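[1] Sharing a sequence plus its predicted fold:
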Amino acid sequence: MSQATEVVGNPYAAELAAAKKAVALAARLCQRVQRSILHSDIQSKADKTPVTVADYGSQVLVCLVLKKELPSHSFSIIAEEDSKDLREDGAQEIIEHITTLINETIVNDGSYNMSLSKEDVLSAIDGGKSEGGPSGRHWILDPIDGTKGFIRGDQYAVALGLLDEGKVVLGVLGCPNLPLKSTNKNNSSSFGDRIGSLFFATIGCGAQVEALEGSEPQKISVCSTNNPVDASFFESFEASHSKRDLTSSIAEKLGVRAPPVRMDSQAKYGALARGDGAIFLRIPHKSYIETVWDHAAGSIVTEAGGMVKDAAGNDLDFCKGRYLDRDRGIIATNKHLMPLVLKAVQEAMKEEQ
Ligand SMILES: Nc1ncnc2c1ncn2[C@@H]1O[C@H](COP(=O)(O)O)[C@@H](OP(=O)(O)O)[C@H]1O
Ligand SMILES: [Mg+2]
Ligand SMILES: [Mg+2]
Ligand SMILES: [Mg+2]
């Protein structure tokens, strides 16, 4: 973990250092699992979405590092996974596997001299049950965002945010499969061909990226184009996560010429924050309710000079519990394009009804 990254006078410097360490360690466990994932590492949750041993392992490691690094802080975390399925009959083998993965990752890292039992692992997972809310501090964690991408061998992210008195004040986004170098020629850097990006931001201090394995950090900013014709847009790789008839109609209304860049997870927010593309569109089916952990770390876009809004043009409200209180649809882009994109989104949604 590099020491030079914390901005002098940053009131969240200690939290940022802890969050970066937590995300980087969890990402190491995920990388190891992704390299040789087995069918038995994957389970299906009650809502039919997948969860893997790495989602659970990542959640435990992030909680553990935050608690170890910030011992004097009261600890509340809203995290995606719970231990319900792991406590059912027949789950012994999978819990054992998760526990081994966690303990081996801790030993290989060398920062902590400790070993967790299976019961420690289950109770650490359940530590993520906080309801958050408008007062106090609450971490928000997606231990693997883009689990479907993770299983496929594609993009995923370990996504951690911090809510303080109702506002997201810190975001860290670990993207193990995302090249460090921006695809935007104007943002060329000396990063070479390294794979694995760690994006981070704290409120008022700008957004930065560094190698997941550690490197000199670089300030990042969103693409500055004010002409949608030059813009490209990101959407989910999974066709069921965002309505493509709507996103293509929005792109057409805007005059966007480039084909959509389809990518799993909040890696899209990271890529947008450094100008790889100009617009992020997420328009789920009408019945879908967004969770806070799918977007909290994405707030780094705001620190990179961009905006994140719902389809009605409101800021996202992270302090209503585990779900986002918002109008359907999430849009992230720069300040010039936001009014144009919102207009196109609203028109396309009206035509849909
Ligand atoms: N039918 C659906 N519509 C919209 N989002 C969905 C969905 N099913 C799952 N998701 C969410 O989409 C997230 C991934 O987003 P993306 O499409 O950008 O990769 C998933 O996060 P997890 O993988 O953490 O469960 C999950 O929360
Ligand atoms: Mg999930
Ligand atoms: Mg998610
Ligand atoms: Mg997840």
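    All right, it came through fine. Ligands and ions are numbered 1, 2, ... in the order given.
[2] To what extent is Met338 buried, counted in neighbours?
    Using other CB atoms under 10 Å, Met338 is surrounded by 18 other residues. Just so you know, the C-beta spots here come from the backbone N, C-alpha and C atoms, and that holds for glycine as well.
[3] residues contacting it?
    Counting by CB atoms under 8 Å, 6 or more residues apart in numbering, Met338 touches 307, 309, 331.
[4] likewise Tyr323?
    Residues near Tyr323 by CB under 8 Å, 6+ apart: 289-292.
[5] Got the phi and psi for the residue in the stretch 101-250 of the chain positioned nearest to ligand 2?
    With CB to the ion as the measure, Thr147 is the residue of the stretch 101-250 of the chain nearest to ligand 2, at 4.9 Å. Backbone torsions of Thr147, given as degrees, to the nearest 10, read phi -60, psi -40.
[6] And it, how far from Ile289?
    Distance, Thr147 to Ile289, using CB to CB, to the nearest Å: 18 Å.
[7] all strands for the protein, in order.
    For the chain, applying DSSP state E gives strands covering 42-44, 50-52, 77-79, 137-145, 157-164, 167-179, 195-202, 207-211, 218-220, 233-236, 261-263, 279-282, 306-310, 330-334.
[8] hmm, the last one touching ligand 3?
    No - between strand 330-334 and ligand 3, judged by CB under 5 Å from the ion, nothing touches; the nearest distance is 12.7 Å.
[9] for that strand, packing partners?
    Of the remaining helices and strands, those touching strand 330-334 by 3 or more CB pairs under 8 Å, 6 or more residues apart in numbering; DSSP states H and E are helix 267-273, strand 279-282, strand 306-310, helix 338-352.
[10] can you give me the angle that strand makes with strand 306-310?
    160 degrees (axes from the mean of the first three to the mean of the last three CA atoms, to 10 degrees).
[11] what about the stretch 51-200 of the chain, any weak spots by pLDDT?
    Applying pLDDT under 70 to the stretch 51-200 of the chain flags the ranges 187-189.
[12] Get me the contact residues on it for ligand 3.
    By CB under 5 Å from the ion, the residues of the stretch 51-200 of the chain that approach ligand 3 are 142, 145.
[13] how about a cut-off of 8 Å?
    80, 142, 144-147, 159 (CB under 8 Å from the ion).
[14] Can you flag the buried ones in those residues?
    By neighbour count, with 16 or more other CB atoms under 10 Å, those hold 80, 142, 144-147, 159 as buried.
[15] The residue of the stretch 101-250 of the chain closest to ligand 2 contacts Thr52, correct?
    Yes - Thr147 lies in contact with Thr52 (CB atoms under 8 Å); the separation is 6.3 Å.
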